[in-house]
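Student: structure of the sequence below:
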Amino acid sequence: MEEKKSFLFVTCDEAKQICDKSQYGEASHWERIKLNIRLSWCRVTRAYTQNNKKLTEMMKQAKLETVEDKRKQDMKKKLQEEMAK
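Tutor: Residues are numbered from 1 along each chain as shown. So this is what the prediction gives:
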């Protein structure tokens, strides 16, 4: 028998997905409401949300820089050449 979807309540997994979307400004207003309802009583979801916020803040503070695509391709090519020897 298929589980009936609730209008206001989301599963823990759904709440985690909404939390992730919310961190990047991609969650709809309605999704954020559902997440807040879940956060009001679910300690697992609250812990996940707190950890997610900490991780996001740490990533912002780290000021990470990425390698340019051209440089990546050059590195990949050089690695393949070295492995072919």
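Student: show me the longest helix that occurs in the protein.
Tutor: helix 43-62 (DSSP state H).
Student: show me which residues of the helix or strand following it are buried.
Tutor: Next along the chain after helix 43-62, taking DSSP states H and E as the criterion, comes helix 69-84. Residues of helix 69-84 include none that count as buried (16 or more other Cβ atoms under 10 Å). (Glycine included, C-beta is placed from N, CA and C.)
Student: and stretch 53-73, end to end?
Tutor: Start to finish, the residues bounding stretch 53-73 are 33 Å apart (Cα to Cα, to the nearest Å).
Student: give me the contact list for that stretch.
Tutor: For stretch 53-73, contacts defined as Cβ atoms under 8 Å, 6 or more residues apart in numbering pick out 23, 75.
Student: before we move on, which element is the residue nearest the centre of the chain in?
Tutor: Taking Cα atoms, centre = their mean, the centroid of the chain lies closest to residue 20, which sits 3.9 Å from it. Using DSSP H and E, residue 20 falls within helix 12-23.
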